[in-house]
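J.: from the sequence below, what's the structure:
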Amino acid sequence: MEAKIRALQGPTPAFVIKLQRLPLEIVHQILDCLPLFKVLNLLAHKTPYAEKCVLTHRYLGLVFKSPPDIASVIDYFLLFRDIRIFHRQTLKDNYLIALNYSMSGYEGPSNYDIIEPLIDEMISDIRGHLRLELPDIDLIRSSTDFPAPLDSSFNNLLNRWFWITDAKEKMNITKANQWNKAADLLEAYPAMLKKPLDPSQDGPRPNTAHIANRFRGNAKRCLRDRKLVHPRHRPQARWFPCVAGVDLIELVPYDRYLWVFLDTLKKHPPVGIMDDLSASLQSISLSLTEVMGTNPMPEGATGQMHGENYRYPPDTADNIRIAMDGLFYVYTGSTLLIVPRIHWPAAMEPDFDNYVQNPRFFIDPKPHPATLPAEFHRCPVRECKPHDDREYKWLEAFLKALSWMQKEFGSSA
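T.: The predicted structure follows:
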């Protein structure tokens, strides 16, 4: 716990060090001008001289009558201050802590007996910031373990705050890395990628450099994000509208590259991973009518590829395997949320021999199911919740495999 307290204190500023060179009377005159929260800022660094100056002050000595009085307040103040600074809130909102007890009008012992009320106010403010709704707890819990139940003990409040800030920092770093990864992929494959809601299919877009720069800007903003509460309801509505394509990452290949990929595997089926590819094709028969709105694979369809077997380089073969493993469903991080990656036209079977009607990457415009648990409903937290990292690995593997195919077999494979 001592290490956490020292982390809240931070380095001792120069003015606190220089204050120790001044005579006691001069420091008393300085304290006359300070509201209580600035006095506590001074005491937070726990220098003996500052403590002596406060205890011997004419008015502040009535508030803090002994070193234990100061010690009982400072730890709570450090936590109170850190939380307020994190949320970019001022310390003046607390009535007792904003008063200047050296001003006239506060004389009389009863007006200075504020230690317990001050601690109670700070505890109330701290608990108000630490009391998160379950969906927000689940959001940051995805980056770490679950916290202890909230109570009023200082150790509990301190540990919970460090749990929240540590989880938030990890989540921000993960999300920022994903934004940067998306920018890297767009810069490496500008002719192959577009944003999911972009309806065009005749790319490349002329502004890919601008989009990549915006992704990197989003990464920087994400690292500075301090929002812990994400409302599930709009102010004048009882629901939060779903966003189309929110379960997809920032980029998706143009549909024509899906056709090239499938056509190449049909003409040049890989040696040694045929069984894996066939199994991947058979797995699409799972709830096709319900999930994709298409006909299930008809009885007797094998999903086999025909053509002369081709021995791909090991790296390309691995990329093909990764691409096939995630070709049919998006990695959402939960089996409760099934999102198809490809939309197969209803009149065709989902195999390699019959896709002349051109399958396409699927963008679902429908709202999430009402029964979907809040922690998997990405719409309210889409700006800060990281995607499943396997999505970026899938996209990179797909692009690398496709690039190799185009160089080896030609742009039309």
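J.: CA atoms for contacts and neighbours, from now on please.
T.: Noted.
J.: wait, a strand at Glu250?
T.: No - counting by DSSP: H, G, I helix; E, B strand; the rest coil, Glu250 falls outside a strand, being coil.
J.: residues contacting the closest residue in space to it that isn't next to it in sequence?
T.: Of all residues not flanking Glu250 in the chain, Lys195 sits nearest, at 6.0 Å (Cα to Cα, 6 or more residues apart in numbering). Neighbouring residues of Lys195 by Cα atoms under 8 Å, 6 or more residues apart in numbering: 250-252.
J.: out of these, which one sits closest to Val339?
T.: Distance ranking of these against Val339, using Cα to Cα, places Val252 first at 14.3 Å.
J.: surely that closest one is in contact with Pro199?
T.: No - if you go by Cα atoms under 8 Å, Val252 and Pro199 don't touch, sitting 11.3 Å apart.
J.: quick one, which of those two is more surrounded?
T.: Taking neighbours as other Cα atoms under 10 Å, Val252 and Pro199 compare with Val252 leading, 20 against 9.
J.: give me the pLDDT for that one.
T.: Looking at Val252, its pLDDT stands at 95.
J.: what separation do you get for it and Ile137?
T.: 30 Å (Cα to Cα, to the nearest Å).
J.: for Lys407, give its distance to Ala401.
T.: Relative to Ala401, and taking Cα to Cα, Lys407 is found at 10 Å.
J.: in the stretch 251-400 of the chain, which spans are strands?
T.: 252-253, 342-343, 360-361 (DSSP state E, counting those that start in this stretch).
J.: Serialize the ones you listed to TSV and add fields for distance to Ala212.
T.: What follows is these, written out as TSV (distance: least, Cα to Cα, whole Å):
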stretch	distance to Ala212
strand 252-253	14
strand 342-343	25
strand 360-361	21
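J.: select, out of those strands, the one closest to Phe15.
T.: strand 252-253 (54.5 Å).
J.: elements contacting that closest one?
T.: strand 193-194 (3 or more Cα pairs under 8 Å, 6 or more residues apart in numbering; DSSP states H and E).
J.: who are the packing partners of the strand it packs on?
T.: Against strand 193-194 (3+ Cα pairs under 8 Å, 6+ apart) you get strand 252-253.
J.: can you find the helix or strand in this structure with the smallest mean pLDDT?
T.: helix 288-291 (a mean of 36; mean pLDDT, DSSP states H and E).
J.: closest to Lys175 out of the strands of the stretch 251-400 of the chain?
T.: strand 252-253 (17.7 Å).
J.: what pairs with that closest one, parallel or antiparallel?
T.: Strand 252-253 sits in its sheet next to strand 193-194 (antiparallel), going by DSSP bridges.
J.: and the contacts of the strand it pairs with?
T.: By Cα under 8 Å, 6+ apart, strand 193-194 touches 186, 203-205, 251-254.
J.: now whichever strand or helix holds Thr165: buried residues?
T.: Using DSSP states H and E, the element containing Thr165 is helix 154-188. Under the neighbour-count criterion of 16 or more other Cα atoms under 10 Å, helix 154-188 has 157-158, 160-161, 163-165, 167-183, 185-187 buried.
J.: same check on stretch 88-102?
T.: 96-97, 100-102.
J.: excluding its backbone neighbours, what's nearest Ser152?
T.: Per Cα to Cα, 6+ apart, closest to Ser152 is Ile123, 7.0 Å.
J.: show me the contacts for that neighbour.
T.: Going by Cα under 8 Å, 6+ apart, Ile123 touches 76, 80, 152.
J.: out of these, which are buried?
T.: Buried among the contacts of Ile123 (16+ other Cα under 10 Å): 76, 80.
J.: wait, which of the contacts of Ile123 is closest to Lys393?
T.: When the contacts of Ile123 are compared against Lys393 (criterion: Cα to Cα), the nearest one is Phe80, at 41.6 Å.
J.: measure how whichever helix or strand that closest one is part of sits relative to helix 154-188, angle-wise.
T.: Following DSSP H and E, one finds Phe80 within helix 67-86. Per axes from the mean of the first three to the mean of the last three Cα atoms, to 10 degrees, the angle that helix 67-86 makes with helix 154-188 is 20 degrees.
J.: other SSEs contacting the helix or strand that helix 67-86 is followed by?
T.: Per DSSP H and E, the first helix or strand lying C-terminal to helix 67-86 is helix 95-98. Identification of packing neighbours for helix 95-98 by 3+ Cα pairs under 8 Å, 6+ apart yields helix 36-43.
J.: can you name the element that comes right after the helix it packs on?
T.: helix 48-55.
J.: what packs against that next one?
T.: Using 3+ Cα pairs under 8 Å, 6+ apart, helix 48-55 is in contact with helix 24-32, helix 36-43, helix 60-63.
J.: for Lys393, which of those helices is the nearest?
T.: Of all these, helix 36-43 comes closest under Cα to Cα, at 47.9 Å.
J.: just the angle for that closest one relative to helix 24-32, thanks.
T.: 140 degrees.
J.: the inter-axis angle of helix 36-43 versus helix 48-55?
T.: Going by the same axes, to 10 degrees, helix 36-43 makes 150 degrees with helix 48-55.
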